[in-house]
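Trainee: can't give you the sequence, but here's the structure:
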């Protein structure tokens with residue numbers, strides 16, 4: 001399996017849309033190999049999904065990503081596993097071992113609501129508070 005990961009200083013880049021370096025890794029049964037790094041600093045947003053397909057990428061592991069770009073990548077037939085954070089090698093090891101869903105690899109602020117289409121069900125535990133609480137008393141400007 002050929003996996004792409006946006007990288008910044010050895011960690012998953014926080015936003016795929018503006019990442020400058022992309023790691024390409026091969027994942028075999030026993031281990032992963034880093035096949036190379038590609039400079040994406042001058043690659044436009046429109047070109048990124050097509051370039052992933054041209055590279056033969058079978059999965060994108062990334063941090064934050066805009067909905068539009070994620071949709072365009074999925075339209076190229078490439079699954080996206082977004083909202084990850086951590087060291088690139090640790091993320092790869094967690095993916096290989098089936099631990100990628102552990103909270104330790106979630107971007108901060110994503111623990112309450114995760115969208116991971118294609119890798120399980122959408123898990124949203126947001127609670128809706130239907131009770132409005134105490135109503136404010138309106139103060140009247142009229143003199144009594």
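Mentor: Yep, it's here. Just so you know, these numbers come straight off a predicted model, no measurement behind them.

Trainee: so residue 17 belongs to a helix, correct?
Mentor: Yes: applying DSSP: H, G, I helix; E, B strand; the rest coil, one finds residue 17 inside a helix.

Trainee: could you report the neighbour count for residue 48?
Mentor: Applying other C-beta atoms under 10 Å, we find 20 residues neighbouring residue 48. C-beta coordinates here come from the backbone N, C-alpha and C atoms, glycine included.

Trainee: report the contact partners of it.
Mentor: By C-beta atoms under 8 Å, 6 or more residues apart in numbering, the contact set of residue 48 is 40, 69, 72-73.

Trainee: from the residues you listed, which is closest to residue 63?
Mentor: Of all these, residue 63 sits closest to residue 69, with 12.4 Å by C-beta to C-beta.

Trainee: which stretch of helix or strand covers that closest one?
Mentor: Using DSSP states H and E, residue 69 falls within helix 67-75.
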